[in-house]
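# Following is a predicted model, sequence given first.
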Amino acid sequence: MKETVEQALRDILGNLPEGSRVERPRDPRHGDLSTNTAFILAKKEKRNPSLVAETLAEKLSENPAFEQVSPAGGFINFRFSKDFLISSFRKVLNEGEDYFKKDIGKGMKIQLEYVSANPTGPLHLGHGRGAVVGDALSRILSFLGYDVSREYYINDAGRQVYLLGTSVFYRYLELFGRKDLMERIRDTFEKEGYRGEYIKEIARLLSAIVGTKLADGSLEESHRLLMESDLPFEKNYLKSFKPKSGTPEELCSLFGLDFMMREIKRDLSDLGVEFDSWVSEREFHMKGEVEEVLRRLEEGAHTYESDGALWLKTQERGDDKDRVLKKSEGSFTYFASDIAYHLDKFNRGYEKVIDLWGSDHHGYIMRLRIALSMLGIPDDWLEVYLIQMVRLFKNGKEIKMSKRAGTFVPVREVMEEVGADAVRFIFLTRRSDTHLDFDINLVKEKSSDNPVFYVQYAHARIAGVFREFKKRFSEDPEEVIKNADLSRLSSEAETGLMKKVLFLKDEILTACRGRDPHLITFYLIDLAGSFHNYYNHNRIIGSEQSLMEARLALLKGIRTALALGLKLIGVSAPERM
RNA sequence: GUCCCCGUAGCUCAGCAGGAUAGAGCGCGAGAUUCCUAAUCUCGAGGUCGGAGGUUCGAAUCCUCCCGGGGACGCCA
């Protein structure tokens, strides 16, 4: 719709002046769309804005798409003509969701990385939010012609993973009361270990298979038993274990990783979130990509050694201080492997990469950008968006979430209570960079008041009308719609609904450009509201024949928009409720 | 101390690449069903957009300062 106005302006002006916008006026009485173009032109040419608007409006009013083009102060307001609305709406009926497509991506290879939670515990609500936002974004980008690849980066190396293994081993020893062996790792466990119930669960599963063998020090035997046992998950990490040089904690940690990855994948898939690739941090170390990237940074004279560690000169490009790449004890920092990982993405040929990170990583953005620029990667190649935290309330009290202390609410728990659709929808009723308060009681108790049902109900209602029509007239409503006379839709409510449906196209574009999937959710609530209102005041079946046909057509268009919107945010569109 | 997010109706939040009389849901009050799903709809009350300056023809939106809430700042990941 905006496109139509912009094209009309271009037909007269050649090009749109910088800063000129086509927008929906706050007050619909002003028109369907309006533009500030006259203000801009007037400023440039030092003329009176109202006069510029008047001249321009006069020329524009010859365009058949508009019924009225009126200058107002410096604004120009547009009202679409009935013919234009009808012919556009007819396209929606014929083309379905394709009508709303616009190939702005042109096959651009774009990678979206999201969630990437450490595999040291179940996904909590915050991860769930990132998952849902990332998934919705990927759907929107794909819809608009981008070649999207969705990736999960598994932080399966480093201290956190060691702590996972230590925690599991500790709980395992606890099962057999082996205080003698627990002593060695007690300190680590108590200070930094993971306390969640799931650690005990892993330990119990482990003990069921290896018995006391691991406590007795039979690493090889324990590993063999695990490899031969019938586990409910893949042994991707376990199979890399080397009994000769390994430790029991390490075995526990690999076992834990396999266990957790199964959990995480299951949670995501139940949430309706899919990935195209899972990339392991370990493999980067193995492939030597980290060394490679450090070498390149050293060659560019961006590093120096101090206190036995290798530092990157990030400060000279705006960071608070320089950052360590390689610790004095010889291992790489997370930062180093993250640079390598992003360089790898670049080398894989993505033209753009979008990362969704938890808000606690915000200090990271600058240093990563600096490192990438040192490697000669253009600034706009990487976009990073922070997913703000989810605060959880239960019985009016905030539950502080900490994975280590074990006080977190897994996304699965909430999903099982209210359903994946509701969880997804709620996450998308806020802008993703603002805090979200998730009140479990509210969502549980009032699940029927949840806006997701409101929108789904609108879809189901339309489906119901179509079923009823078929039943009463034994005719396919789709056939009837093909020949419907849309000019019968003349009430303000009806033309308003047609416009709303058509505006979905603009909405998707805006959501895509701003990486703001929540706009789709708000659109859906708005459209559903207008529909419910209309439905309550107008009969479809039972009205006079040609009017009924036209109204069926109207409903079909609305259903197309609702179904597409729901699809883009990954929420189901039920036929009945 | 430095940095990030937030402050809009009783509550939860939209709106913020400046634009016309500031919106929605919930909650509250009053109503609507012989008929396609009442998980719905209609009407009403409810606001100095945290405060003060500034830029502008025009500021909830941009800038500065202040107040209040949340968070991040490691040779952790």
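Here it is on my side, so go on. Numbering: from 1, shown residues only, chains lettered A, B, ... in the order given.
# Could you list the low-pLDDT ranges of the stretch 1-150 of chain A?
Counting by pLDDT under 70, the stretch 1-150 of chain A shows no low-confidence range.
# Name the residues of the stretch 101-250 of chain A found near RNA strand B, please.
A:N118, A:N155, A:A157, A:G158, A:R159, A:Q160 (C-beta under 7 Å from any atom of the strand). Every C-beta, even on glycine, is put in place using the N, C-alpha and C of the backbone.
# Among those, name the buried ones.
Applying 16 or more other C-beta atoms under 10 Å to those, the neighbour count classes A:N118, A:N155, A:A157, A:G158, A:Q160 as buried.
# and of those, the nearest to A:E221?
A:E221 lies nearest to A:A157 out of those, by C-beta to C-beta, at 26.5 Å.
# and the closest one, how far is that from A:P248?
Here the criterion is C-beta to C-beta, to the nearest Å. By it, A:A157 lies 19 Å from A:P248.
# Tell me the spatial nearest neighbour of the residue of the stretch 351-500 of chain A found nearest RNA strand B, not counting adjacent residues.
Per C-beta to the nearest atom of the strand, A:G464 is where the stretch 351-500 of chain A lies closest to RNA strand B, at 3.0 Å. Excluding the flanking residues, the one nearest A:G464 by C-beta to C-beta, 6 or more residues apart in numbering is A:R576, at 6.5 Å.
# Domain-wise, how is chain A divided?
With domains defined by automatic domain parsing, chain A comprises A:2-80, A:121-273+A:405-440, A:288-387, A:451-568.
# any weak-confidence spans in chain A?
In chain A (pLDDT under 70), the answer is A:394-408, A:440-449.
# Now the residue nearest to A:G464: phi and psi?
In terms of degrees, to the nearest 10, the main-chain angles of A:R576 are phi -150, psi 160.
# give me every residue that touches it.
With contact taken as C-beta atoms under 8 Å, 6 or more residues apart in numbering, A:R576 is in contact with A:A460, A:A463, A:G464.
# want to try CSV for the residues you listed, with neighbour count and secondary structure as columns?
Listed next are these as CSV, based on neighbours: other C-beta atoms under 10 Å; DSSP: H, G, I helix; E, B strand; the rest coil:
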residue, neighbour count, secondary structure
A:A460, 17, helix
A:A463, 18, helix
A:G464, 14, helix
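# Identify, from these, the entry nearest to A:A65.
The nearest member of the contacts of A:R576 to A:A65, counting by C-beta to C-beta, is A:A463 at 32.3 Å.
# can you pull the contacts of the closest one?
Contacts of A:A463 (C-beta under 8 Å, 6+ apart): A:R559, A:P574, A:E575, A:R576.
# helix/strand/coil for the closest residue to A:P410 other than its chain neighbours?
Sequence neighbours aside, A:P122 is the residue nearest to A:P410 in space, at 4.3 Å (criterion: C-beta to C-beta, 6+ apart). Here A:P122 is recorded as coil under DSSP: H, G, I helix; E, B strand; the rest coil.
# which phi and psi does A:P122 have?
Torsion angles, degrees, to the nearest 10, at A:P122: phi -70, psi 160.
# Check which helix or strand the residue sitting furthest away from the middle of chain A maps to.
The outermost residue of chain A relative to its centre, with distances by C-alpha atoms, centre = their mean, is A:D180 at 48.1 Å. Here A:D180 sits within helix A:179-192, counting by DSSP states H and E.
# what does A:K556 give?
Assigned by DSSP H and E, A:K556 falls within helix A:545-568.
# Among the contacts of A:A463, which ones lie close to RNA strand B?
By C-beta under 7 Å from any atom of the strand, the members of the contacts of A:A463 lying near RNA strand B are A:R576.
# quick one: which of the contacts of A:A463 is nearest to A:S253?
Using C-beta to C-beta, A:P574 is the member of the contacts of A:A463 that lies nearest A:S253, at 43.3 Å.
# how close does the closest one sit to A:P232?
32 Å.
# the more surrounded of the two?
A count of neighbours by other C-beta atoms under 10 Å puts A:P574 above the other of A:P574 and A:P232, at 14 against 7.
# A:Q456 is in contact with that one, correct?
Yes: between A:P574 and A:Q456 there is a contact at 5.5 Å, judged by C-beta atoms under 8 Å.
# ok and the residue in the stretch 301-450 of chain A nearest RNA strand B?
A:D307 (2.8 Å).
# which residues touch A:S61?
A:Q68, A:V69.
# Now render the domains of chain A as CSV, adding distance to A:V279.
Formatted as CSV, the domains of chain A follow (distance: least, C-beta to C-beta, whole Å):
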stretch, distance to A:V279
domain A:2-80, 38
domain A:121-273+A:405-440, 5
domain A:288-387, 7
domain A:451-568, 22
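# Turn the residues of the stretch 101-250 of chain A next to RNA strand B into TSV, columns for secondary structure.
Below are those laid out as TSV (three-state DSSP):
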residue	secondary structure
A:N118	coil
A:N155	coil
A:A157	coil
A:G158	coil
A:R159	helix
A:Q160	helix
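# Turn those into JSON lines, columns for distance to A:T429.
Listed next are these as JSON lines, based on distance: C-beta to C-beta, whole Å:
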{"residue": "A:N118", "distance to A:T429": "27"}
{"residue": "A:N155", "distance to A:T429": "30"}
{"residue": "A:A157", "distance to A:T429": "36"}
{"residue": "A:G158", "distance to A:T429": "36"}
{"residue": "A:R159", "distance to A:T429": "37"}
{"residue": "A:Q160", "distance to A:T429": "32"}
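# Just give the nearest non-adjacent residue to whichever residue of the stretch 151-300 of chain A sits closest to RNA strand B, would you?
Per C-beta to the nearest atom of the strand, A:G158 is where the stretch 151-300 of chain A lies closest to RNA strand B, at 3.3 Å. Sequence neighbours aside, A:Y334 is the residue nearest to A:G158 in space, at 6.4 Å (criterion: C-beta to C-beta, 6+ apart).
# pretty sure the one you found is in contact with A:R159, am I right?
No: judged on C-beta under 8 Å, A:Y334 makes no contact with A:R159 at a distance of 9.2 Å.
# Up against RNA strand B, what does the stretch 451-577 of chain A have?
Residues of the stretch 451-577 of chain A lying near RNA strand B (C-beta under 7 Å from any atom of the strand): A:451, A:453-454, A:457, A:460-461, A:463-465, A:467-468, A:513, A:516, A:518-519, A:522, A:525, A:529, A:532-533, A:535-542, A:576-577.
# just checking, which of these belong to helices?
A:451, A:453-454, A:457, A:460-461, A:463-465, A:467-468, A:513, A:518-519, A:522, A:525, A:529, A:532-533, A:535-537 (DSSP state H).
# Perfect, that will be all.
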